[in-house]
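Peer 1: Curious how this folds, go ahead:
(one chain, ligands or ions: 1)
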Amino acid sequence: MNDPAITPAVTAVADDIAEMEIRGAAAIADAAAAAIGEQAQASEADTPEEFRAEIRAAARRLHETRPTAVSLPNALRYVLQGMEGNTVAELRDSIVATVVEFRRELDQAQDNLGQIGANRLRDGDTIMTHCHSTDALSCVRHALNDGKDISAIVKETRPRKQGHITARQLRDWDVPVTLIVDNAARRYLNDADHVLVGADSIAADGSVINKIGTSGLAVNARERGVPIMVAAQTLKLHPGTMTGHTVEIEMRDEREVLPDAEREAVGDVRVENPAFDVTPPRYVDAIVTERGQFPPESIVTLMRELFGDQQNGEPWDERS
Ligand SMILES: O=P(O)(O)OC[C@H]1O[C@H](OP(=O)(O)O)[C@H](O)[C@@H]1O
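Peer 2: Here you go, the predicted structure:
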């Protein structure tokens with residue numbers, strides 16, 4: 001049998017995720033779900049078996065792009081579990097409807113989470129941010145909508161400088177922004193009332209997997225007495241960690257750290273470029289989700305409720 005046909009739209013989205021043209025855990029989940037919808041609509045499968053094989057192949061292609069943000073497999077699982085029917089047309093319709101539902105829930109969860117997180121921010125507070133998180137920014141947006149004045153100290157976030165995206169978004173909302181290099185964070189924590197970050201995955205023990213540099217920031221913030229708030233919708237909860245799996249930390253291309261043009265001046269050194277790190281739960285004050293805010297130690301209770309009956313295996317594995 002030929003390999004299942006994957007539509008060019010899926011390949012393009014997968015490439016964009018791998019290259020970080022599409023980035024941020026929520027945006028990756030949204031784009032991956034939409035791509036499965038495109039696959040379903042473009043499919044020329046003659047039989048239900050062929051259609052299912054194509055959808056599974058598309059999901060695998062999207063899944064293999066980046067390993068750390070669990071929102072990606074969680075999104076794919078949601079959509080594939082919605083696939084039902086006995087004909088190609090029924091299967092297609094079920095996928096398309098599930099994608100619409102998933103994307104609506106994603107937006108709604110981010111909005112609800114923002115309202116909950118905004119309650120932690122007081123009028124006149126200054127936040128310190130790391131990287132760019134749409135979940136974290138949703139909290140700021142709701143605080144602003146509630147009439148609070150918020151200022152921000154924005155960490156640049158080497159090597160890809162996603163802090164620039166955060167700074168731009170906050171300025172568009174008229175939030176006063178001070179942009180700093182990552183190394184200046186400890187100094188400026190004296191001026192911060194909260195550290196506010198997002199997450200790519202949350203483990204069952206309440207550990208937060210987020211952009212490299214988050215754990216050092218959290219340790220420094222704890223030493224300075226600045227509370228650390230993690231904004232992460234439940235799509236970021238990692239079901240595999242309930243059975244002891246660890247979260248794979250993505251290692252990215254060394255040229256993000258040392259571009260070819262600078263390589264010669266530095267010479268023959270090894271470069272490592274981990275994209276994420278793990279912040280232990282004891283450095284986190286609250287994990288804000290659309291289901292409420294939790295001390296990290298109690299996140300496992302929510303995970304049991306959400307994933308308790310999950311079976312082994314993934315719907316994109318070679319099963320029907
Ligand atoms: O889902 P939202 O809150 O937008 O983003 C969550 C996280 O995704 C990003 O990863 P990357 O830039 O894709 O490596 C950052 O680590 C950010 O905190």
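Peer 1: confidence score at the residue nearest to residue 44 when sequence neighbours are not counted?
Peer 2: Leaving aside its sequence neighbours, residue 44 sits nearest to residue 5 (Cβ to Cβ, 6 or more residues apart in numbering; 7.1 Å). Every C-beta, even on glycine, is put in place using the N, C-alpha and C of the backbone. pLDDT for residue 5: 93.
Peer 1: Please tell me I have it right and residue 5 contacts residue 46.
Peer 2: No - contact status for residue 5 versus residue 46: not in contact, 11.3 Å apart, counting by Cβ atoms under 8 Å.
Peer 1: Of those two, which one has the most company?
Peer 2: residue 5 (16 against 9; other Cβ atoms under 10 Å).
Peer 1: which residues touch that one?
Peer 2: Neighbouring residues of residue 5 by Cβ atoms under 8 Å, 6 or more residues apart in numbering: 43-45, 54.
Peer 1: doesn't it fall inside a helix?
Peer 2: No - counting by DSSP: H, G, I helix; E, B strand; the rest coil, one finds residue 5 to be coil, located in no helix.
Peer 1: For the ligand, see how far away it is.
Peer 2: As judged by Cβ to the nearest ligand atom, to the nearest Å, residue 5 and the ligand stand 29 Å apart.
Peer 1: Could you do residue 318 as well?
Peer 2: Residue 318 is 29 Å from the ligand, by Cβ to the nearest ligand atom.
Peer 1: can you tell me the helix or strand for that residue?
Peer 2: Assigned by DSSP states H and E, residue 318 belongs to no helix or strand.
Peer 1: what's the closest non-adjacent residue to it?
Peer 2: residue 56 (7.5 Å).
Peer 1: Write out the residues of the stretch 51-200 of the chain neighbouring the ligand.
Peer 2: 131, 133-136, 162, 197-198, 200 (Cβ under 6 Å from any ligand atom).
Peer 1: between the contacts of residue 5, which is closest to the ligand?
Peer 2: Using Cβ to the nearest ligand atom, residue 54 comes nearest to the ligand of those, at 27.0 Å.
Peer 1: Not counting its neighbours along the chain, what's nearest that closest one?
Peer 2: Distances taken as Cβ to Cβ, 6+ apart place residue 4 nearest to residue 54, at 4.3 Å, with adjacent residues excluded.
Peer 1: Kindly tell me how buried that neighbour is, as a neighbour count.
Peer 2: Neighbour number of residue 4 under other Cβ under 10 Å is 19.
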